[in-house]
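Participant: Sequence and computational prediction follow.
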Protein chains: 2
Amino acid sequence: MKFSDFKKLVAISREEICREIFRENRARIKVKKEKVAVKNLVKIFDATLSISNRKGFHAMSLRDLSGETGLSMGALYSYFGSKDELLDIIQSQGRRLASRVLSEQLAGITGARERLRRALYSHLYLSEALHPWFYFSYMETKNLNREQQRNAIENELYTESMFSDILAEGRASGVFDVKDTLLAAAAIKALLQDWYLKRWKYSGRKTSIEEYAGFIIDFIEAFVLRAPARV
Amino acid sequence: MKFSDFKKLVAISREEICREIFRENRARIKVKKEKVAVKNLVKIFDATLSISNRKGFHAMSLRDLSGETGLSMGALYSYFGSKDELLDIIQSQGRRLASRVLSEQLAGITGARERLRRALYSHLYLSEALHPWFYFSYMETKNLNREQQRNAIENELYTESMFSDILAEGRASGVFDVKDTLLAAAAIKALLQDWYLKRWKYSGRKTSIEEYAGFIIDFIEAFVLRAPARV
DNA sequence: GTCTATATCTGGATAGAC
DNA sequence: GTCTATCCAGATATAGAC
């Protein structure tokens, strides 16, 4: 599957995401006209991710945000109640969207090897489509409150167990040969995350995402499909 | 090699590190008695890493630092000229120490496979011995000034090229079979870094570092030593 | 060498005009 | 719905006593 096809298939536009956020937070958001609100929410989230990913959420002042969005301090506060709330909204929305897309992508796929490949592609492509959010989410976990931190951890463990389950299923059906499926799943996650954590590196080298996907599939399959030790 | 042996071999004590920092920064540090200075520097760096790794360097106030070290604000400022300088000192000292230890560890080792294993063990064990620093270094890169950011990137690329070179050497001598040594080296780094980035996870599961080391060596060798495709 | 006290500034948040 | 003006807590940094 090519990335461009995935993008068409999933169709995650910033407007759509912001509309969903608006509808779910109507109570808290003081601006009532959907059209106006969505337009400004797009600006606000874009700017927040962009500034934070450059210098960190905590280091971003609301005056920075005001400057980059073109909205005044007062206006910003009609969209969120506090800086922390802004952080929460971005994180929880992103998490929900990601887990929704991923489970959709795996639905109906059978065969361990095919499921593994599909899961790898989906994760990787989704993190590319939502790159600023994935990076933000990883780097700003420690700025969350306790409850949201628990959610973030749960999320990490959930996707990991997804991979672990696929590996276990493959082992049961004789396709895979892995002793410790949990360690293997952790390694898989590390390889997936490297793409969005070190994107500057891959961009600089003009490594395409399809190339990276092909590579890590090779890398992972060499281990999980492996024949008995060749030493 | 077991971790406990490595630790004895390398013998990186916090006192020793702080003594080195003191001697190299005598000009800037206002306190002149080595014994006093080193004792307090240990407190300062320990506390900085501990607080920052919990909630981020930027979110750590100097009052926090004062509280945790037991030193007053005034006293702190006789050890560094500004909060940013404190950050710089920690980062550059850590980098220097790490690259020194790693090149020492590889000196005189011959044979690509043996060199690869040694490099993996050294990296992993060093990151364990200096865990708070490695974690800090990774997470606080964006708070550095331009020059220090360049150093951090250089450092990442340097260790990566070390692995890439080992793989190329092994390919030349017929031990390894890797097409893209740079991509493979990037993957290796990702696996090494996961250990210190997700230490909470591995600690919680009681995965020992020797176990993790054994696992990633298996994982990596399954790919680099691999026989022609088995599909 | 270290502390207390304080100057100075920045950032989050809000009230009220438009 | 948005802006300007302002409040105030908390941050870095320093001066000077001990």
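Facilitator: Looks like it came in fine.

Participant: Report the central residue of chain A.
Facilitator: In chain A, the C-alpha nearest the mean C-alpha coordinate belongs to residue A:134, at 4.0 Å (Cα atoms, centre = their mean).

Participant: Could you check how many residues crowd around residue A:145?
Facilitator: Residue A:145 is flanked by 10 other residues according to other Cβ atoms under 10 Å in any protein chain shown. Every residue, glycine included, has its C-beta placed from N, CA and C.

Participant: in terms of contact, does it touch residue A:82 like I think?
Facilitator: No. The criterion here is Cβ atoms under 8 Å, and residue A:145 misses it with residue A:82 at 11.3 Å.

Participant: Tell me where chain A is predicted with low confidence.
Facilitator: A:226-231 (pLDDT under 70).

Participant: Contact distance from chain B - what residues of it qualify?
Facilitator: Residues of chain A lying close to chain B by Cβ under 8 Å from any Cβ of the partner chain are A:54-56, A:58-59, A:139, A:142-143, A:156-157, A:180, A:182-184, A:186-187, A:189-191, A:193-194, A:198, A:200-202, A:205, A:207, A:211-212, A:215-216, A:218-219, A:222-223, A:225-227, A:230.

Participant: Of those, which ones also sit close to DNA strand D?
Facilitator: Residues of those in contact with DNA strand D (Cβ under 7 Å from any atom of the strand): none.

Participant: Show me how to select, in ChimeraX, the buried members of those residues.
Facilitator: Buried residues among those (16 or more other Cβ atoms under 10 Å in any protein chain shown), as a ChimeraX selection:
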select /A:56,58,59,139,143,156,182,183,184,186,187,189,190,191,193,194,198,201,202,207,212,215,216,218,219,222,223,225,226
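
Participant: Can you pick out the ones from the residues of chain A next to chain B that are in strands?
Facilitator: Assigned to strands by DSSP state E, none of the residues of chain A next to chain B qualify.

Participant: can you give me the helices in chain A?
Facilitator: A:3-10, A:14-24, A:34-55, A:62-69, A:73-76, A:83-106, A:112-129, A:131-139, A:146-172, A:181-197, A:199-204, A:209-224 (DSSP state H).

Participant: in chain A, what residue is nearest DNA strand D?
Facilitator: As assessed by Cβ to the nearest atom of the strand, DNA strand D sits closest to residue A:74 within chain A, at 2.5 Å.

Participant: Residues of chain A that sit close to DNA strand C?
Facilitator: A:60, A:61, A:62, A:63, A:73, A:74, A:77, A:81, A:82, A:83, A:84.

Participant: what about the third one, distance to residue A:81?
Facilitator: Looking back up the chat, that one is residue A:62. Distance, residue A:62 to residue A:81, using Cβ to Cβ, to the nearest Å: 12 Å.

Participant: circling back: show the contacting residues for the residue nearest to the centre of chain A.
Facilitator: By Cβ atoms under 8 Å, 6 or more residues apart in numbering or on different chains, the contact list for residue A:134 reads A:94, A:98, A:127, A:196.

Participant: The same query, at a cut-off of 10 Å, please.
Facilitator: Residue A:134 makes contact with A:94, A:98, A:123, A:126, A:127, A:128, A:192, A:193, A:195, A:196, A:197, A:199 under the criterion Cβ atoms under 10 Å, 6 or more residues apart in numbering or on different chains.

Participant: And residue A:158, by the same measure?
Facilitator: A:95, A:99, A:102.

Participant: ok, now how distant is it from chain B?
Facilitator: 13 Å (Cβ to the nearest Cβ, to the nearest Å).

Participant: Could you check how many residues crowd around the closest residue to residue A:163 other than its chain neighbours?
Facilitator: Excluding its sequence neighbours, the residue lying closest to residue A:163 (Cβ to Cβ, 6 or more residues apart in numbering or on different chains) is residue A:185, at 3.9 Å. Per other Cβ under 10 Å, the neighbour tally for residue A:185 reads 22.

Participant: Over to residue A:2?
Facilitator: Other residues within reach of residue A:2, judged by other Cβ under 10 Å, total 13.

Participant: Hmm, residue A:209 and it touching each other?
Facilitator: Yes. Taking contacts as Cβ atoms under 10 Å, residue A:2 lies within contact range of residue A:209: 9.1 Å.

Participant: Need the residues touching each of the two.
Facilitator: Common contacts of residue A:2 and residue A:209 (Cβ under 10 Å, 6+ apart): A:121, A:125.

Participant: overlap in contacts of residue A:145 and residue A:82?
Facilitator: Common neighbours of residue A:145 and residue A:82 (Cβ under 10 Å, 6+ apart) are residue A:88.

Participant: Next, the contact list for residue A:67, please.
Facilitator: A:47, A:51, A:61.

Participant: Can you read off the backbone torsions of the closest residue to the second one other than its chain neighbours?
Facilitator: Read that as residue A:51. Excluding the flanking residues, the one nearest residue A:51 by Cβ to Cβ, 6+ apart is residue A:60, at 4.5 Å. Taking degrees, to the nearest 10, you get phi -80, psi 120 for the backbone angles of residue A:60.

Participant: What parts of chain A come near DNA strand D?
Facilitator: A:30-33, A:36-37, A:40, A:70-75, A:78.

Participant: and these as JSON lines, adding neighbour count and distance to residue A:7?
Facilitator: As requested, the residues of chain A next to DNA strand D are exported to JSON lines (neighbours: other Cβ atoms under 10 Å in any protein chain shown; distance: Cβ to Cβ, whole Å):
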{"residue": "A:30", "neighbour count": "11", "distance to residue A:7": "34"}
{"residue": "A:31", "neighbour count": "15", "distance to residue A:7": "30"}
{"residue": "A:32", "neighbour count": "10", "distance to residue A:7": "32"}
{"residue": "A:33", "neighbour count": "8", "distance to residue A:7": "30"}
{"residue": "A:36", "neighbour count": "11", "distance to residue A:7": "28"}
{"residue": "A:37", "neighbour count": "22", "distance to residue A:7": "26"}
{"residue": "A:40", "neighbour count": "21", "distance to residue A:7": "25"}
{"residue": "A:70", "neighbour count": "10", "distance to residue A:7": "28"}
{"residue": "A:71", "neighbour count": "18", "distance to residue A:7": "29"}
{"residue": "A:72", "neighbour count": "9", "distance to residue A:7": "35"}
{"residue": "A:73", "neighbour count": "10", "distance to residue A:7": "36"}
{"residue": "A:74", "neighbour count": "8", "distance to residue A:7": "37"}
{"residue": "A:75", "neighbour count": "15", "distance to residue A:7": "32"}
{"residue": "A:78", "neighbour count": "15", "distance to residue A:7": "33"}
